[in-house]
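*Asks:* Any chance you can model this:
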Amino acid sequence: MIDKEKFHVLNYVKKEEYSASMDGMRYMLKKKDVEEGSRLEVIIWPEPYCYAKTPEEKKQRMEFPFTPEGVSQAAQWLNEQYVGQKPLWDLSKKMS
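*Replies:* Down below sits the predicted model:
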């Protein structure tokens, strides 16, 4: 699980995409520029493939404010998706 108190990726995401994995669930955080300003886009997908090799229909996306609070919300969403979709992540580990 992601510890929201230690998940400080905003400065990194300002310049680069941040990707990692959590026990079968891969995820990426990236800055998304829209008319209203910047947003934090979070994408999750099952292992074993990287983002570029994973079919789009297997990816799930959510957007948050591009702020420290948005990063905290993103961490909470990632944890919820990890717990809520645990059978999918477990299955993807078996396939890798």
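*Asks:* Can you name every helix or strand that the helix or strand of the chain with the lowest mean pLDDT contacts?
*Replies:* Across the helices and strands of the chain, mean confidence by mean pLDDT, DSSP states H and E is lowest for helix 86-95: a mean of 87. Judged by 3 or more Cβ pairs under 8 Å, 6 or more residues apart in numbering; DSSP states H and E, the packing partners of helix 86-95 are strand 25-34, strand 37-46. For every residue, glycine as well, the C-beta is placed using N, CA and C.
*Asks:* okay, which residue of this protein is out on the far edge from center?
*Replies:* Glu35 (22.5 Å; Cα atoms, centre = their mean).
*Asks:* picking that back up, dump the helices and strands packed on helix 86-95 to JSON lines, plus mean neighbour count and distance to Tyr82.
*Replies:* Below are the helices and strands packed on helix 86-95 laid out as JSON lines (neighbours: other Cβ atoms under 10 Å; distance: least, Cβ to Cβ, whole Å):
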{"stretch": "strand 25-34", "mean neighbour count": "17", "distance to Tyr82": "5"}
{"stretch": "strand 37-46", "mean neighbour count": "19", "distance to Tyr82": "8"}
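*Asks:* so who does the spatially most central residue of the chain touch?
*Replies:* The centroid of the chain falls nearest to Tyr27 when counting by Cα atoms, centre = their mean (3.5 Å). Residues in contact with Tyr27 (Cβ atoms under 8 Å, 6 or more residues apart in numbering) are Ser19, Ala20, Ser21, Val42, Ile43, Ile44, Trp45, Leu78.
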